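>>> just coords:
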């Protein structure tokens, strides 16, 4: 991704009693994001957690979703008006309260 | 990145008294990884934390570094023999104890 792009990461901590429907997330939730944010999205990736640093250790995050935007302005302008609709879809795939992080692409 | 690839994320939690030298990390530490792991690395990215979900909130992670491998076997075979050397370089750029997560690329 281009240096200086904005990466919005949504990290879903794993834990007892937590569930995450990767199939729904990677198809229906992604389709909703594409429909609402359109061309403002310049890249996207999804990962499913396998483990930690020590073999056999559970992953810190059950899943990680990342959206890339050209600038902070582009993210805010596109996401802001749809934040409520997007958040309302979360219970359809998980009961996890995600950690959101906004970062700048360095490399 | 190709579906099924292995993503190794090293996340550096921000916090009081924590420092992170992005310049060293994105040049010298990366050069060390490339030298030691070579062709086993099929992709890499680095991000610097800007903020959280709420404007003005500090980022959960000061920095995030990601390496991609073709398979878990490729990661373990290439990283294992050099783990000690790689970890020994960490104090050269940060006093943060990182969170490591191994994930599978879904999208």
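Received the coordinates, thanks. Computed from a predicted structure; not experimentally measured.
>>> near chain B, which residues of chain A show up?
Contact residues, chain A versus chain B (Cβ under 8 Å from any Cβ of the partner chain): A:1, A:6-7, A:9, A:11, A:22, A:26, A:30, A:44-53, A:59-61, A:63-64, A:72, A:99-107. In short, each C-beta sits where N, CA and C put it, glycine included.
>>> What sits closest to the most centrally placed residue in chain A if chain neighbours are left out?
Centroid-nearest residue in chain A: residue A:65, 2.7 Å away (criterion: Cα atoms, centre = their mean). Excluding the flanking residues, the one nearest residue A:65 by Cβ to Cβ, 6 or more residues apart in numbering or on different chains is residue A:10, at 4.7 Å.
>>> Buried ones among the residues of chain A next to chain B?
Neighbour counting with 16 or more other Cβ atoms under 10 Å in any protein chain shown marks A:6-7, A:9, A:11, A:22, A:26, A:30, A:45-49, A:51-52, A:59-61, A:63-64, A:99-107 as buried within the residues of chain A next to chain B.
>>> can you pull the pLDDT of residue A:7?
At residue A:7, the pLDDT value in this model is 98.
>>> Setting aside sequence neighbours, what's the nearest residue to it?
Ranked by Cβ to Cβ, 6+ apart and with sequence neighbours excluded, the top spatial neighbour of residue A:7 is residue A:103, at 4.7 Å.
>>> Just to check, the one you found is in contact with residue B:62?
No - the criterion here is Cβ atoms under 8 Å, and residue A:103 misses it with residue B:62 at 9.7 Å.
>>> shared neighbours of those two, anything?
Counting by Cβ atoms under 8 Å, 6 or more residues apart in numbering or on different chains, the residues touching both residue A:103 and residue B:62 are B:48-49.
>>> And the helix or strand hosting the residue nearest to the centre of chain A, what does it pack against?
In this assignment (DSSP states H and E), residue A:65 forms part of strand A:61-69. When contacts are defined as 3 or more Cβ pairs under 8 Å, 6 or more residues apart in numbering or on different chains; DSSP states H and E, strand A:61-69 sits against strand A:6-13, strand A:41-51, helix A:72-79, strand B:99-105.
>>> how much does the second one deviate in direction from helix B:72-79?
So the one you mean is strand A:41-51. Per axes from the mean of the first three to the mean of the last three Cα atoms, to 10 degrees, the angle that strand A:41-51 makes with helix B:72-79 is 80 degrees.
>>> Which strands or helices does strand A:41-51 pack on?
So strand A:41-51, by 3+ Cβ pairs under 8 Å, 6+ apart, packs with helix A:30-37, strand A:61-69, strand B:6-13, strand B:99-105.
>>> Now with 10 Å, please.
Strand A:41-51 sits against strand A:6-13, helix A:22-24, helix A:30-37, strand A:61-69, helix A:72-79, strand B:6-13, strand B:99-105, with contacts defined as 3 or more Cβ pairs under 10 Å, 6 or more residues apart in numbering or on different chains; DSSP states H and E.
>>> To residue B:93, which of those lies closest?
Closest approach to residue B:93 among those (Cβ to Cβ): strand B:6-13, 9.4 Å.
>>> so what strands line up beside the closest one?
According to DSSP bridges, strand B:6-13 forms sheet pairs with strand B:61-69 (antiparallel), strand B:99-105 (antiparallel).
>>> for it, the distance to its chain's centre please.
Mean-position distance between strand B:6-13 and its chain equals 5 Å (Cα atoms, centre = their mean, to the nearest Å).
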